[in-house]
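[1] here's my sequence, what's the structure:
(one chain, ligands or ions: 2)
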Amino acid sequence: MVTPGAARDLSRYVELDREAWSRLRASTPLPLTADELERLRGLGDVVDLDEVSDVYLPLSRLLNLYVAATRGLNSALTTFLGNDERRTTPFVIGIAGSVAVGKSTTARILRELLARWPDHPHVALLTTDGFLYPNAELERRGIMHRKGFPESYDQRALVRFVADVKAGKPEVSAPVYSHLSYDIVPDERLVVRQPDILIVEGLNVLQPARIGPDGRPRLAVSDFFDFSVYVDARTSDIRHWYLERFLKLRQTAFRDPASYFRRYAAMTEEEAVAYAQGVWRDINELNLVQNVLPTRGRATLVLRKGADHTVSRLRLRKL
Ligand SMILES: Nc1ncnc2c1ncn2[C@@H]1O[C@H](COP(=O)(O)OP(=O)(O)O)[C@@H](O)[C@H]1O
Ligand SMILES: CC(C)(COP(=O)(O)O)[C@@H](O)C(=O)NCCC(=O)O
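    Ligands and ions are numbered 1, 2, ... in the order given. Have a look, this model is predicted:
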(Lines give C-alpha, C1' and ligand atoms only; values in the text may rest on other atoms or scores of the structure.)
(Ligands and ions follow the chains in the order given, each with its own letter.)
Protein backbone atom coordinates (compact mmCIF):
# COMPACT_ATOMS: atom_id res chain seq x y z
CA MET A 1 0.00 0.00 0.00
CA VAL A 2 1.31 3.46 -0.87
CA THR A 3 1.03 5.96 1.99
CA PRO A 4 -0.84 9.03 0.71
CA GLY A 5 1.59 11.84 0.07
CA ALA A 6 4.70 9.63 0.32
CA ALA A 7 7.15 10.30 -2.52
CA ARG A 8 7.75 7.21 -4.61
CA ASP A 9 11.17 6.73 -6.16
CA LEU A 10 10.46 6.31 -9.86
CA SER A 11 14.08 6.57 -10.93
CA ARG A 12 15.57 3.76 -13.04
CA TYR A 13 18.69 3.86 -10.91
CA VAL A 14 19.82 3.55 -7.30
CA GLU A 15 22.74 5.85 -6.51
CA LEU A 16 24.92 4.75 -3.61
CA ASP A 17 28.03 6.17 -2.07
CA ARG A 18 30.83 3.77 -1.26
CA GLU A 19 29.87 3.55 2.41
CA ALA A 20 26.24 2.55 1.68
CA TRP A 21 27.32 0.09 -1.05
CA SER A 22 29.94 -1.55 1.19
CA ARG A 23 27.24 -2.49 3.72
CA LEU A 24 25.57 -4.62 1.04
CA ARG A 25 28.48 -7.04 1.27
CA ALA A 26 26.41 -8.60 4.13
CA SER A 27 28.43 -11.53 5.45
CA THR A 28 30.27 -12.34 2.21
CA PRO A 29 33.76 -13.47 3.30
CA LEU A 30 36.95 -11.95 1.85
CA PRO A 31 38.65 -14.81 0.03
CA LEU A 32 41.70 -12.88 -1.34
CA THR A 33 45.06 -12.25 0.30
CA ALA A 34 47.17 -9.11 -0.25
CA ASP A 35 49.68 -11.17 -2.31
CA GLU A 36 46.96 -12.56 -4.56
CA LEU A 37 45.60 -9.04 -5.09
CA GLU A 38 49.06 -7.74 -5.95
CA ARG A 39 49.13 -10.18 -8.89
CA LEU A 40 45.81 -8.88 -10.21
CA ARG A 41 46.52 -5.17 -9.96
CA GLY A 42 47.28 -3.34 -13.23
CA LEU A 43 50.14 -0.85 -13.58
CA GLY A 44 49.20 2.44 -11.89
CA ASP A 45 46.13 0.98 -10.20
CA VAL A 46 45.93 1.48 -6.44
CA VAL A 47 43.29 -1.13 -5.53
CA ASP A 48 43.84 -2.56 -2.03
CA LEU A 49 42.03 -5.06 0.22
CA ASP A 50 39.74 -2.30 1.56
CA GLU A 51 38.59 -1.60 -1.99
CA VAL A 52 38.02 -5.33 -2.55
CA SER A 53 35.95 -5.54 0.66
CA ASP A 54 33.98 -2.33 0.14
CA VAL A 55 33.39 -2.44 -3.61
CA TYR A 56 34.04 -5.86 -5.13
CA LEU A 57 32.63 -8.18 -2.44
CA PRO A 58 29.15 -6.59 -2.54
CA LEU A 59 29.35 -6.82 -6.34
CA SER A 60 30.33 -10.49 -6.23
CA ARG A 61 27.39 -11.11 -3.86
CA LEU A 62 24.99 -9.31 -6.21
CA LEU A 63 26.33 -11.26 -9.20
CA ASN A 64 26.00 -14.56 -7.33
CA LEU A 65 22.31 -13.73 -6.73
CA TYR A 66 21.88 -12.76 -10.41
CA VAL A 67 23.48 -16.01 -11.59
CA ALA A 68 21.08 -18.06 -9.41
CA ALA A 69 18.07 -16.04 -10.61
CA THR A 70 19.09 -16.37 -14.26
CA ARG A 71 19.52 -20.13 -13.85
CA GLY A 72 15.98 -20.20 -12.43
CA LEU A 73 14.68 -18.38 -15.52
CA ASN A 74 16.54 -20.73 -17.86
CA SER A 75 15.11 -23.70 -16.05
CA ALA A 76 11.56 -22.22 -16.35
CA LEU A 77 12.09 -21.89 -20.09
CA THR A 78 13.37 -25.46 -20.36
CA THR A 79 10.30 -26.73 -18.48
CA PHE A 80 7.98 -24.67 -20.71
CA LEU A 81 9.58 -26.09 -23.85
CA GLY A 82 9.23 -29.61 -22.45
CA ASN A 83 12.91 -30.11 -22.98
CA ASP A 84 14.60 -32.77 -20.82
CA GLU A 85 18.09 -31.50 -21.47
CA ARG A 86 19.39 -29.76 -18.30
CA ARG A 87 22.16 -27.65 -19.73
CA THR A 88 23.44 -24.61 -17.81
CA THR A 89 23.82 -21.54 -19.98
CA PRO A 90 26.89 -19.46 -19.07
CA PHE A 91 26.19 -16.12 -17.39
CA VAL A 92 27.86 -13.35 -19.41
CA ILE A 93 29.20 -10.13 -17.84
CA GLY A 94 30.44 -7.15 -19.91
CA ILE A 95 33.00 -4.67 -18.53
CA ALA A 96 33.39 -1.39 -20.44
CA GLY A 97 35.22 1.92 -19.97
CA SER A 98 38.03 4.08 -21.32
CA VAL A 99 41.61 3.09 -22.05
CA ALA A 100 43.60 3.43 -18.77
CA VAL A 101 40.55 3.55 -16.47
CA GLY A 102 41.44 0.18 -14.90
CA LYS A 103 38.96 -2.18 -16.63
CA SER A 104 41.40 -5.07 -16.68
CA THR A 105 42.03 -4.88 -12.91
CA THR A 106 38.26 -4.81 -12.29
CA ALA A 107 37.80 -7.81 -14.61
CA ARG A 108 40.62 -9.83 -13.01
CA ILE A 109 39.42 -9.17 -9.44
CA LEU A 110 35.85 -10.10 -10.34
CA ARG A 111 37.06 -13.26 -12.02
CA GLU A 112 38.94 -14.34 -8.89
CA LEU A 113 36.08 -13.49 -6.52
CA LEU A 114 33.37 -15.11 -8.62
CA ALA A 115 35.43 -18.28 -9.09
CA ARG A 116 35.51 -18.72 -5.30
CA TRP A 117 31.75 -19.20 -5.04
CA PRO A 118 31.09 -22.99 -5.08
CA ASP A 119 28.12 -22.68 -7.46
CA HIS A 120 30.12 -21.10 -10.32
CA PRO A 121 33.79 -22.04 -10.02
CA HIS A 122 34.68 -21.86 -13.72
CA VAL A 123 35.00 -18.22 -14.78
CA ALA A 124 36.57 -17.35 -18.15
CA LEU A 125 37.86 -13.89 -19.09
CA LEU A 126 38.03 -12.52 -22.62
CA THR A 127 39.58 -9.14 -23.45
CA THR A 128 38.24 -7.82 -26.74
CA ASP A 129 41.67 -6.64 -27.95
CA GLY A 130 42.13 -10.21 -29.31
CA PHE A 131 39.54 -9.28 -31.93
CA LEU A 132 41.37 -6.16 -33.12
CA TYR A 133 42.41 -6.64 -36.74
CA PRO A 134 46.15 -7.40 -37.00
CA ASN A 135 48.29 -4.31 -37.72
CA ALA A 136 48.81 -5.40 -41.35
CA GLU A 137 45.03 -5.42 -41.87
CA LEU A 138 44.57 -2.08 -40.04
CA GLU A 139 47.22 -0.62 -42.35
CA ARG A 140 45.54 -2.11 -45.44
CA ARG A 141 42.29 -0.43 -44.36
CA GLY A 142 44.11 2.86 -43.56
CA ILE A 143 42.91 2.81 -39.92
CA MET A 144 46.10 2.14 -37.95
CA HIS A 145 45.49 5.46 -36.10
CA ARG A 146 42.01 4.22 -35.11
CA LYS A 147 43.06 1.26 -32.91
CA GLY A 148 40.33 0.80 -30.29
CA PHE A 149 37.57 2.47 -32.37
CA PRO A 150 34.65 0.14 -33.24
CA GLU A 151 35.81 -0.26 -36.86
CA SER A 152 39.23 -1.60 -35.75
CA TYR A 153 37.65 -4.86 -34.46
CA ASP A 154 36.46 -7.94 -36.30
CA GLN A 155 33.05 -7.53 -34.68
CA ARG A 156 31.45 -10.49 -36.42
CA ALA A 157 34.12 -12.84 -35.06
CA LEU A 158 33.75 -11.34 -31.57
CA VAL A 159 29.95 -11.79 -31.60
CA ARG A 160 30.37 -15.35 -32.93
CA PHE A 161 32.78 -16.16 -30.08
CA VAL A 162 30.37 -14.94 -27.38
CA ALA A 163 27.35 -16.53 -29.09
CA ASP A 164 29.16 -19.89 -29.26
CA VAL A 165 30.17 -19.77 -25.58
CA LYS A 166 26.63 -18.77 -24.59
CA ALA A 167 25.21 -21.63 -26.69
CA GLY A 168 27.34 -24.10 -24.75
CA LYS A 169 29.75 -25.14 -27.53
CA PRO A 170 32.31 -27.51 -25.91
CA GLU A 171 35.35 -25.49 -26.98
CA VAL A 172 35.58 -21.96 -28.38
CA SER A 173 38.81 -20.09 -29.13
CA ALA A 174 39.80 -16.45 -29.68
CA PRO A 175 42.92 -14.70 -31.00
CA VAL A 176 45.28 -13.08 -28.48
CA TYR A 177 46.63 -9.49 -28.53
CA SER A 178 49.99 -8.43 -27.09
CA HIS A 179 50.57 -4.93 -25.71
CA LEU A 180 54.29 -5.70 -26.03
CA SER A 181 54.30 -6.29 -29.78
CA TYR A 182 51.24 -3.99 -30.22
CA ASP A 183 49.76 -6.64 -32.50
CA ILE A 184 47.86 -9.93 -32.61
CA VAL A 185 50.11 -12.83 -31.58
CA PRO A 186 50.38 -15.34 -34.43
CA ASP A 187 49.62 -18.97 -33.53
CA GLU A 188 48.28 -18.22 -30.04
CA ARG A 189 44.63 -18.73 -29.03
CA LEU A 190 42.62 -18.31 -25.87
CA VAL A 191 40.55 -21.46 -25.40
CA VAL A 192 37.30 -21.37 -23.43
CA ARG A 193 35.57 -24.62 -22.42
CA GLN A 194 31.97 -24.27 -21.19
CA PRO A 195 32.51 -21.79 -18.33
CA ASP A 196 29.85 -21.07 -15.70
CA ILE A 197 30.54 -17.36 -16.19
CA LEU A 198 32.18 -15.48 -19.10
CA ILE A 199 33.53 -11.96 -18.49
CA VAL A 200 33.98 -9.89 -21.66
CA GLU A 201 36.15 -6.81 -21.07
CA GLY A 202 36.84 -4.06 -23.59
CA LEU A 203 36.34 -0.48 -24.67
CA ASN A 204 33.36 -1.06 -26.92
CA VAL A 205 31.50 -3.97 -25.38
CA LEU A 206 28.38 -1.91 -24.63
CA GLN A 207 27.95 -0.66 -28.20
CA PRO A 208 24.42 -1.21 -29.47
CA ALA A 209 23.79 -3.33 -32.58
CA ARG A 210 24.79 -1.70 -35.87
CA ILE A 211 22.75 -1.73 -39.05
CA GLY A 212 24.41 -3.91 -41.71
CA PRO A 213 24.78 -2.96 -45.40
CA ASP A 214 21.56 -4.91 -46.09
CA GLY A 215 19.67 -2.51 -43.78
CA ARG A 216 19.15 -5.22 -41.13
CA PRO A 217 20.43 -4.82 -37.54
CA ARG A 218 23.44 -7.00 -36.70
CA LEU A 219 23.76 -8.76 -33.35
CA ALA A 220 25.97 -6.90 -30.86
CA VAL A 221 28.09 -8.57 -28.21
CA SER A 222 26.01 -6.67 -25.59
CA ASP A 223 22.93 -8.63 -26.73
CA PHE A 224 24.44 -11.60 -24.86
CA PHE A 225 25.11 -9.80 -21.55
CA ASP A 226 23.26 -10.82 -18.41
CA PHE A 227 24.96 -8.00 -16.48
CA SER A 228 27.33 -5.17 -17.38
CA VAL A 229 29.70 -2.82 -15.57
CA TYR A 230 30.97 0.54 -16.83
CA VAL A 231 34.15 1.74 -15.11
CA ASP A 232 33.86 5.53 -15.05
CA ALA A 233 35.97 8.53 -14.04
CA ARG A 234 36.46 12.15 -15.10
CA THR A 235 38.12 12.38 -18.48
CA SER A 236 40.82 14.69 -17.06
CA ASP A 237 41.65 12.09 -14.36
CA ILE A 238 41.85 9.24 -16.90
CA ARG A 239 44.14 11.37 -19.08
CA HIS A 240 46.40 11.86 -16.07
CA TRP A 241 46.45 8.09 -15.36
CA TYR A 242 47.20 7.35 -19.03
CA LEU A 243 50.17 9.74 -19.06
CA GLU A 244 51.51 8.48 -15.71
CA ARG A 245 51.23 4.89 -16.90
CA PHE A 246 53.02 5.72 -20.14
CA LEU A 247 55.94 7.15 -18.12
CA LYS A 248 56.01 4.05 -15.89
CA LEU A 249 55.92 1.78 -18.93
CA ARG A 250 58.98 3.63 -20.25
CA GLN A 251 60.89 2.39 -17.20
CA THR A 252 59.54 -1.16 -17.53
CA ALA A 253 57.80 -2.81 -20.51
CA PHE A 254 59.13 -0.38 -23.17
CA ARG A 255 62.72 -1.40 -22.28
CA ASP A 256 62.06 -4.91 -23.53
CA PRO A 257 63.76 -5.26 -26.93
CA ALA A 258 60.56 -6.95 -28.17
CA SER A 259 58.42 -3.89 -27.29
CA TYR A 260 56.85 -1.99 -30.17
CA PHE A 261 57.34 1.12 -28.00
CA ARG A 262 61.08 0.65 -27.34
CA ARG A 263 61.88 3.92 -29.20
CA TYR A 264 59.80 5.78 -26.57
CA ALA A 265 62.06 4.44 -23.82
CA ALA A 266 65.03 5.95 -25.66
CA MET A 267 63.67 9.49 -26.19
CA THR A 268 63.75 12.27 -23.59
CA GLU A 269 60.96 12.48 -21.04
CA GLU A 270 59.74 15.70 -22.66
CA GLU A 271 59.50 14.08 -26.09
CA ALA A 272 57.80 10.99 -24.63
CA VAL A 273 55.22 13.10 -22.79
CA ALA A 274 54.47 15.07 -25.97
CA TYR A 275 53.97 11.80 -27.88
CA ALA A 276 51.70 10.28 -25.19
CA GLN A 277 49.65 13.49 -24.99
CA GLY A 278 49.09 13.28 -28.74
CA VAL A 279 48.01 9.61 -28.59
CA TRP A 280 45.65 10.41 -25.74
CA ARG A 281 44.10 13.42 -27.46
CA ASP A 282 43.85 12.05 -31.00
CA ILE A 283 43.02 8.40 -30.32
CA ASN A 284 41.96 7.46 -26.81
CA GLU A 285 40.11 10.61 -25.70
CA LEU A 286 38.41 10.92 -29.08
CA ASN A 287 37.25 7.31 -28.86
CA LEU A 288 36.12 7.80 -25.25
CA VAL A 289 34.01 10.83 -26.12
CA GLN A 290 32.63 9.57 -29.43
CA ASN A 291 32.09 5.87 -28.75
CA VAL A 292 32.68 4.71 -25.19
CA LEU A 293 31.02 7.34 -22.94
CA PRO A 294 27.75 7.31 -24.93
CA THR A 295 27.33 3.63 -23.92
CA ARG A 296 27.55 4.31 -20.15
CA GLY A 297 23.76 4.54 -19.74
CA ARG A 298 23.42 0.98 -21.04
CA ALA A 299 25.40 -0.54 -18.14
CA THR A 300 23.68 -2.32 -15.26
CA LEU A 301 26.24 -0.88 -12.85
CA VAL A 302 28.47 2.21 -13.12
CA LEU A 303 31.56 2.22 -10.88
CA ARG A 304 32.62 5.86 -10.51
CA LYS A 305 36.26 6.43 -9.53
CA GLY A 306 37.67 9.55 -7.89
CA ALA A 307 40.95 11.25 -8.82
CA ASP A 308 42.84 8.85 -6.52
CA HIS A 309 41.67 5.84 -8.63
CA THR A 310 39.42 4.44 -5.86
CA VAL A 311 35.69 3.84 -6.40
CA SER A 312 33.69 6.60 -4.68
CA ARG A 313 30.13 6.16 -6.01
CA LEU A 314 28.03 3.47 -7.66
CA ARG A 315 24.90 3.62 -9.79
CA LEU A 316 22.84 0.45 -10.14
CA ARG A 317 20.03 0.09 -12.66
CA LYS A 318 16.76 -1.12 -11.13
CA LEU A 319 14.52 -1.27 -14.17
N1 LIG B 1 52.04 -0.21 -24.19
C2 LIG B 1 51.79 -1.09 -23.22
N3 LIG B 1 52.74 -2.01 -22.87
C4 LIG B 1 52.46 -2.92 -21.91
N5 LIG B 1 51.31 -2.99 -21.24
C6 LIG B 1 50.35 -2.12 -21.53
C7 LIG B 1 50.52 -1.10 -22.55
N8 LIG B 1 49.37 -0.39 -22.63
C9 LIG B 1 48.51 -0.91 -21.73
N10 LIG B 1 49.08 -1.94 -21.06
C11 LIG B 1 48.44 -2.78 -20.04
O12 LIG B 1 47.31 -3.41 -20.66
C13 LIG B 1 46.18 -3.49 -19.80
C14 LIG B 1 44.95 -2.93 -20.46
O15 LIG B 1 45.06 -1.54 -20.60
P16 LIG B 1 43.87 -0.63 -21.16
O17 LIG B 1 43.36 -1.19 -22.44
O18 LIG B 1 44.37 0.79 -21.15
O19 LIG B 1 42.68 -0.79 -20.15
P20 LIG B 1 42.52 -0.55 -18.61
O21 LIG B 1 43.55 0.41 -18.09
O22 LIG B 1 41.14 0.03 -18.49
O23 LIG B 1 42.63 -1.89 -17.99
C24 LIG B 1 46.61 -2.77 -18.51
O25 LIG B 1 46.91 -3.76 -17.53
C26 LIG B 1 47.82 -1.96 -18.91
O27 LIG B 1 48.71 -1.78 -17.80
C1 LIG C 1 44.36 -2.41 -27.18
C2 LIG C 1 43.40 -1.27 -26.89
C3 LIG C 1 42.73 -0.81 -28.18
C4 LIG C 1 42.33 -1.74 -25.87
O5 LIG C 1 41.51 -2.78 -26.42
P6 LIG C 1 40.29 -3.54 -25.67
O7 LIG C 1 40.81 -4.76 -24.97
O8 LIG C 1 39.65 -2.57 -24.70
O9 LIG C 1 39.36 -3.95 -26.76
C10 LIG C 1 44.18 -0.06 -26.26
O11 LIG C 1 44.76 -0.45 -25.05
C12 LIG C 1 45.25 0.53 -27.19
O13 LIG C 1 46.33 0.04 -27.29
N14 LIG C 1 44.90 1.63 -27.90
C15 LIG C 1 45.73 2.23 -28.93
C16 LIG C 1 46.23 3.58 -28.59
C17 LIG C 1 47.29 3.56 -27.51
O18 LIG C 1 48.44 3.14 -27.80
O19 LIG C 1 46.99 3.95 -26.38
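
[2] so who does His277 touch?
    His isn't right for residue 277; it's Gln. Neighbour list for Gln277: Leu243 [criterion: C-beta atoms under 8 Å, 6 or more residues apart in numbering]. Using the backbone N, CA and C atoms, a C-beta is placed for each residue, glycine as well.

[3] tell me if whichever strand or helix holds it is near ligand 1.
    Assigned by DSSP states H and E, Gln277 belongs to helix 269-279. No: judged by C-beta under 6 Å from any ligand atom, helix 269-279 and ligand 1 are separated, with a smallest distance of 10.0 Å.

[4] what residues sit buried inside the longest strand that the chain contains?
    For the chain, the longest strand by residue count, based on DSSP state E, is strand 183-192. Across strand 183-192, burial judged by 16 or more other C-beta atoms under 10 Å covers 183-184, 190, 192.

[5] show me which of those residues is closest to Leu314.
    Closest approach between the buried residues of strand 183-192 and Leu314, by C-beta to C-beta: Val192, at 28.9 Å.

[6] and the gap between the closest one and ligand 1?
    19 Å (C-beta to the nearest ligand atom, to the nearest Å).

[7] what do you get for Ala272?
    Here the criterion is C-beta to the nearest ligand atom. By it, Ala272 lies 12 Å from ligand 1.

[8] ok, now how distant is that residue from Ala100?
    16 Å (C-beta to C-beta, to the nearest Å).

[9] same check, this time on Ala157
    Between Ala157 and Ala100 the computed distance is 25 Å (C-beta to C-beta).

[10] more neighbours: which of those two?
    Set Ala157 next to Ala100 and count neighbours by other C-beta atoms under 10 Å: Ala100 wins out with 24 against 13.

[11] wait, what's in contact with that one?
    Applying C-beta under 8 Å, 6+ apart to Ala100 gives the contacts 44, 238, 241-242, 245, 284.

[12] just the pLDDT for Pro4.
    pLDDT for Pro4: 52.

[13] make that Glu36, sorry
    Predicted confidence (pLDDT) for Glu36: 89.

[14] on the three-state scheme, the closest residue to Val14 other than its chain neighbours is what?
    Nearest residue to Val14 in three dimensions, chain neighbours excluded: Leu316, at 4.8 Å (C-beta to C-beta, 6 or more residues apart in numbering). Following DSSP: H, G, I helix; E, B strand; the rest coil, we place Leu316 in the strand state.

[15] so Leu316 is in contact with Ser11, correct?
    No: Leu316 is not in contact with Ser11 according to C-beta atoms under 8 Å; the separation is 10.8 Å.

[16] quick revisit: closest one of the contacts of Ala100 to ligand 2?
    Closest approach between the contacts of Ala100 and ligand 2, by C-beta to the nearest ligand atom: Asn284, at 5.2 Å.

[17] tell me who's in contact with the closest one.
    Counting by C-beta under 8 Å, 6+ apart, Asn284 has contacts 98-100, 148, 242.
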